[in-house]
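> For reference, the sequence and a predicted model appear below.
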Amino acid sequence: MAYINPSPGVSASQVVLKVELQGTTGWSTALTLPALQDITMNAANDVFTWTQLDNGNKLQVPTTATNSLSMNCVLDDATFFGTTITSVSAADTAAAQGVFGLSRNKTYIKFSLKFLENASADRYISGVGYITGLAPKISADQPVWVSPITITISGGYTVATSES
């Protein structure tokens, strides 16, 4: 079994998250989210439960899933506000809008999470959705801006050996 080691300074194993506008080809204008503190991949299948008069047990069938990525990120100016601070157009690049602009503009994005970096076994988890759940915070005990970020996924996850 190979372990995923996202430790800082370990060059062969890094977790990398990129976001880009849905519908674009390639990742040339993608926004790479630096300084991730943690990331949680949620894949929650719903289950419909019912009872019947002829059965003493509850019956269940799986239904649609609710998927999301949740993370905490140390924010920097360019990542949070984008390269074009006045960007109010959802047509601007992901890098121009920044995390705040992508959320504010309700921009439909695609994402690629590099799960494991290894020349023989790269793994990418990708999908599409919206950035939500921003809540930047700073305090005397935490003198840098940190924010939770959620990507609410529309549809399911795709697993591949290259960015798609």
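Now that the structure is in, tell me what you want to look at.

> Low-confidence ranges, this protein, go.
By pLDDT under 70, the low-scoring segments of the chain are 1-14, 85-91, 116-120.

> ranges for the helices of it?
Counting by DSSP state H, the segments of the chain that form helices are 77-81, 94-104.

> How about the contacts made by the closest residue to Gln52 other than its chain neighbours?
In this structure, Gln52 finds its nearest non-sequential neighbour in Leu59, 6.6 Å apart by C-beta to C-beta, 6 or more residues apart in numbering. The C-beta positions use only the backbone N, C-alpha and C, and glycine is treated the same way. By C-beta atoms under 8 Å, 6 or more residues apart in numbering, the residues touching Leu59 are 49-52.

> now the helices of the chain as JSON lines including distance to Pro143 and mean neighbour count?
Shown next, in JSON lines, are the helices of the chain (distance: least, C-beta to C-beta, whole Å; neighbours: other C-beta atoms under 10 Å):
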{"stretch": "helix 77-81", "distance to Pro143": "15", "mean neighbour count": "15"}
{"stretch": "helix 94-104", "distance to Pro143": "20", "mean neighbour count": "22"}
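
> Mind listing the residues bridging to Trp160?
Wrong residue type there; residue 160 is Ala, not Trp. Counting by DSSP bridges, Ala160 is bridged to Tyr124.

> In this structure it contacts Gly127, no?
No: under the criterion of C-beta atoms under 8 Å, Ala160 makes no contact with Gly127, lying 11.2 Å away.

> where exactly do the strands run in this structure?
Counting by DSSP state E, residue ranges of the strands within the chain are 16-21, 31-33, 36-50, 59-74, 109-116, 123-132, 146-153, 158-160.

> Counting by contacts, list what the first one packs against.
So the one you mean is strand 16-21. Counting contacts by 3 or more C-beta pairs under 8 Å, 6 or more residues apart in numbering; DSSP states H and E, strand 16-21 packs against strand 31-33, helix 94-104, strand 109-116.

> Identify whichever of those lies nearest to Ser147.
helix 94-104 (7.8 Å; C-beta to C-beta).

> Distance from the chain centre to that closest one, please.
Mean-position distance between helix 94-104 and its chain equals 14 Å (C-alpha atoms, centre = their mean, to the nearest Å).
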